[in-house]
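Asker: Predicted model follows, preceded by the sequence.
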Amino acid sequence: MLLAAFAALAIVTQDQAALRGAPQRSAQQQATLWQGDTLEVRGEHLDYLQVYDHRRERAGYVLASQARIVALEAAAAPGLLAVLEFLRDAPGSEALGIAYAAAYLKAAPVEAIGAEPLVALGLMADRLAARASSRSGKPSDAKLAAHLDVVAGYGVRFASFERDGRVQLCYDGDALRRALALPASARQQAEAMLALTRHECLDPAQSPLERRAVDQWRAEALERVDERALPPLLKNRIRIRRAGVWAGLAFAHTRGGESGQEAGSRALQELAAVVESELTVEDRAAYTEAAVRVGASRWAAEDDATPRGALRIATQAGAPGETCVLLLDGAHTEGSPLLRRCTYGTVWRASASANRAGTALALAVQPLEAWREVWVFRKAKAPVGAAHGREAKALVGAAHGREAKALVGAAHGREAWSVDILPPAASGPDLGYAEFAGWVPGKAQLLVAREARVQDRWQRSFEIVSLDTLAVLRRAGEPDHLSAFYRWQSPAWKQLTVSLR
């Protein structure tokens with residue numbers, strides 16, 4: 001991020017400025033310049049500056065109104081810092097602001113450099129990366145690409161990851177880490193930590209152990225921010241980020257065979273501490289994302305005891321990394337379960353809930369950090385068709401005594417169990433949770449709440465689902481809009497869910 005000690009430098013202040021071969025508008029254009037480009041000034045001709053572009057290795061002329069001459073000396077440092085502070089919060093001017101940051105760091109004495117210019121540089125680089133990765137689309141690919149190329153010339157580095165067919169660009173955070181090594185205010189610390197701990201900037205190729213270590217660092221880093229000294233806006237943002245990070249740690253601890261109760265409780269506490277009335281429009285999306293992350297792992301905050309009853313579950317280890325769910329009742333033990341299904345996801349045993357008739361059971365299973373599903377175990381009669389006639393007689397003829405009676409009973413309608421999955425959304429997995437909310441007595445129906453990100457939009461619904469087909473019979477945006485949901489929702493669900501926030 002160093003600038004050579006030339007006699008005079010000019011920073012281009014406008015996009016698509018022309019570098020021409022002569023000091024006149026009709027002269028051939030040598031190159032297209034962008035805001036933030038730094039040029040060596042070698043002279044002036046009328047309203048043009050004679051310059052040399054070291055990045056492109058081109059000489060030429062640029063309109064003086066499209067560039068600003070700066071001096072890299074201590075006396076000019078306060079002025080450069082003032083311009084930098086003006087540009088740091090100006091969307092679209094990140095490349096220009098980073099150029100001024102580089103100029104200030106070159107001009108200012110080392111002992112005079114504090115955290116502010118480094119934080120400003122880091123925030124602008126982070127915002128530029130976020131704009132380039134925007135899910136809503138890029139206003140100008142050529143402009144963004146040019147700005148990224150400009151800041152790369154100052155040593156600003158980015159990492160890129162592929163997610164869902166998109167490229168996610170993230171600032172590597174070098175300037176922000178340097179700023180945190182200097183005396184910094186609570187606000188500067190908070191702004192730096194928020195940029196360094198983005199969820200979307202975690203490498204998807206990391207192993208679970210590597211991801212857990214990164215999440216642990218993120219949690220510890222956010223803990224160092226003194227939120228008491230922050231304005232409400234930043235205080236909310238820190239709490240939102242903490243909630244998402246602790247939710248991820250709760251899942252990681254549980255998947256690693258440890259208790260995730262402390263991390264899960266902390267995630268719920270941080271989410272509850274957010275003051276919704278003080279959220280900006282942009283922060284509401286982040287708040288919803290944090291709520292979904294917390295909702296996916298919220299069973300970690302509860303005791304892991306398996307509910308007892310006539311119909312219940314047990315778990316046992318399967319293949320390496322697998323957990324096998326055993327469906328049991330009074331007549332079937334772990335040695336001969338009604339049904340056995342294995343998964344690499346986290347099975348939240350405390351979530352198991354059977355209906356009164358003992359014909360169905362709902363269970364929360366979380367295969368990913370921010371994706372939780374509902375497993376529905378159901379009992380059904382297996383159709384036997386012609387087994388009532390000649391096939392039943394053949395079974396009797398092939399057996400003797402009590403065995404023959406057992407075979408006849410099986411042929412006339414043996415009981416079968418199946419398990420199906422209710423995901424948070426038909427697309428994905430991305431971010432979302434589906435959760436059991438209650439049984440409807442006297443009807444083959446269950447209540448389900450879902451919240452997920454679908455095509456870059458957040459969707460939350462409360463549904464009445466048929467137990468026979470698992471089809472959604474009725475759906476509403478609020479539980480009070482469904483009489484059955486309002487009447488039969490589980491008190492335990494209502495107490496624990498984050499969907500009613």
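Answerer: In hand now; what should we look at?
Asker: In three-state terms, how would the closest residue in space to residue 466 that isn't next to it in sequence be classified?
Answerer: Leaving aside its sequence neighbours, residue 466 sits nearest to residue 473 (Cβ to Cβ, 6 or more residues apart in numbering; 5.6 Å). Yep, even glycine has a C-beta here, placed from its N, CA and C like the rest. Classification of residue 473 using DSSP: H, G, I helix; E, B strand; the rest coil returns strand.
Asker: And for residue 233?
Answerer: What three-state DSSP gives for residue 233 is helix.
Asker: Test my guess that it contacts residue 278.
Answerer: Yes. Here residue 233 lies in contact with residue 278, judged by Cβ atoms under 8 Å, at a distance of 7.0 Å.
Asker: one step back: the residue nearest to residue 466: neighbour count?
Answerer: 14 (other Cβ atoms under 10 Å).
Asker: Then the one 5 residues further on?
Answerer: Counted with other Cβ under 10 Å, the burial measure for residue 478 works out to 12 neighbours.
Asker: and what of the one 3 residues further on?
Answerer: Neighbouring residues of residue 481 were enumerated by other Cβ under 10 Å; the total is 12.
Asker: show me what contacts it?
Answerer: Shown in contact with residue 481 (Cβ atoms under 8 Å, 6 or more residues apart in numbering): residue 462.
Asker: what does residue 32 give?
Answerer: Residues near residue 32 by Cβ under 8 Å, 6+ apart: 16-19, 146.
Asker: Kindly report the same for residue 51.
Answerer: With Cβ under 8 Å, 6+ apart, residue 51 has these contacts: 10, 19, 39-42, 59-62, 67.
Asker: next one: residue 342
Answerer: Per Cβ under 8 Å, 6+ apart, neighbours of residue 342: 318-319, 322-325.
Asker: ok, 7 Å please
Answerer: Taking Cβ atoms under 7 Å, 6 or more residues apart in numbering as the contact definition, residue 342 lies against 318, 322-324.
Asker: can you list the residues you listed in a markdown table and add distance to residue 500?
Answerer: Shown next, in a markdown table, are these (distance: Cβ to Cβ, whole Å):
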| residue | distance to residue 500 |
| --- | --- |
| 318 | 35 |
| 322 | 34 |
| 323 | 29 |
| 324 | 33 |
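Asker: Residue 129 against residue 157, yeah?
Answerer: No. Counting by Cβ atoms under 7 Å, residue 129 sits too far from residue 157 to count as a contact (10.3 Å).
Asker: Comparing those two, which residue is more hemmed in?
Answerer: Shown here are residue 129 and residue 157; by other Cβ under 10 Å, residue 129 has more neighbours (27 against 11).
Asker: is it fair to say the more buried one lies in a helix?
Answerer: Yes. With three-state DSSP as the criterion, residue 129 is part of a helix.
Asker: which residues touch it?
Answerer: Applying Cβ under 7 Å, 6+ apart to residue 129 gives the contacts 158, 169-171.
Asker: Please work out the average pLDDT along the strand or helix carrying residue 378.
Answerer: Per DSSP states H and E, residue 378 falls inside strand 371-381. Mean pLDDT, computed over strand 371-381, is 92.
Asker: again with stretch 176-188
Answerer: Averaging pLDDT along stretch 176-188 gives 95.
Asker: tell me the domain ranges of the protein?
Answerer: 9-69, 71-200, 206-301, 306-422, 424-501 (automatic domain parsing).
Asker: ranges for the strands of the stretch 101-250 of the chain?
Answerer: 158-163, 166-171 (DSSP state E, counting those that start in this stretch).
Asker: Quick one: list the elements packing against the helix or strand hosting residue 433.
Answerer: Using DSSP H and E, residue 433 sits within strand 432-440. Judged by 3 or more Cβ pairs under 7 Å, 6 or more residues apart in numbering; DSSP states H and E, the packing partners of strand 432-440 are helix 281-297, strand 371-381, strand 445-454, helix 483-488, helix 491-496.
Asker: now these in JSON lines, with mean neighbour count and distance to residue 93?
Answerer: Below are the helices and strands packed on strand 432-440 laid out as JSON lines (neighbours: other Cβ atoms under 10 Å; distance: least, Cβ to Cβ, whole Å):
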{"stretch": "helix 281-297", "mean neighbour count": "21", "distance to residue 93": "18"}
{"stretch": "strand 371-381", "mean neighbour count": "20", "distance to residue 93": "38"}
{"stretch": "strand 445-454", "mean neighbour count": "23", "distance to residue 93": "30"}
{"stretch": "helix 483-488", "mean neighbour count": "16", "distance to residue 93": "50"}
{"stretch": "helix 491-496", "mean neighbour count": "14", "distance to residue 93": "46"}
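Asker: would JSON lines of those with distance to residue 270 be doable?
Answerer: Formatted as JSON lines, the helices and strands packed on strand 432-440 follow (distance: least, Cβ to Cβ, whole Å):
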{"stretch": "helix 281-297", "distance to residue 270": "8"}
{"stretch": "strand 371-381", "distance to residue 270": "19"}
{"stretch": "strand 445-454", "distance to residue 270": "18"}
{"stretch": "helix 483-488", "distance to residue 270": "28"}
{"stretch": "helix 491-496", "distance to residue 270": "16"}
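Asker: closest one to residue 201 among those?
Answerer: Residue 201 lies closest to helix 281-297 among the helices and strands packed on strand 432-440, at 13.8 Å (Cβ to Cβ).
Asker: List the contacts of the residue nearest to residue 375 when sequence neighbours are not counted.
Answerer: Nearest non-adjacent residue to residue 375, counting by Cβ to Cβ, 6+ apart: residue 363, 4.5 Å away. Residues near residue 363 by Cβ under 7 Å, 6+ apart: 313, 325, 351-352, 375.
Asker: please redo it, this time with the cut-off set to 6 Å
Answerer: Applying Cβ atoms under 6 Å, 6 or more residues apart in numbering to residue 363 gives the contacts 351-352, 375.
Asker: Among the residues you listed, which one sits closest to residue 344?
Answerer: Taking the contacts of residue 363 together and measuring to residue 344 by Cβ to Cβ, the closest member is residue 375, at 13.6 Å.
Asker: Please tell me I have it right and the closest one contacts residue 366.
Answerer: No. Contact criterion Cβ atoms under 6 Å: residue 375 and residue 366 do not qualify, at 10.8 Å.
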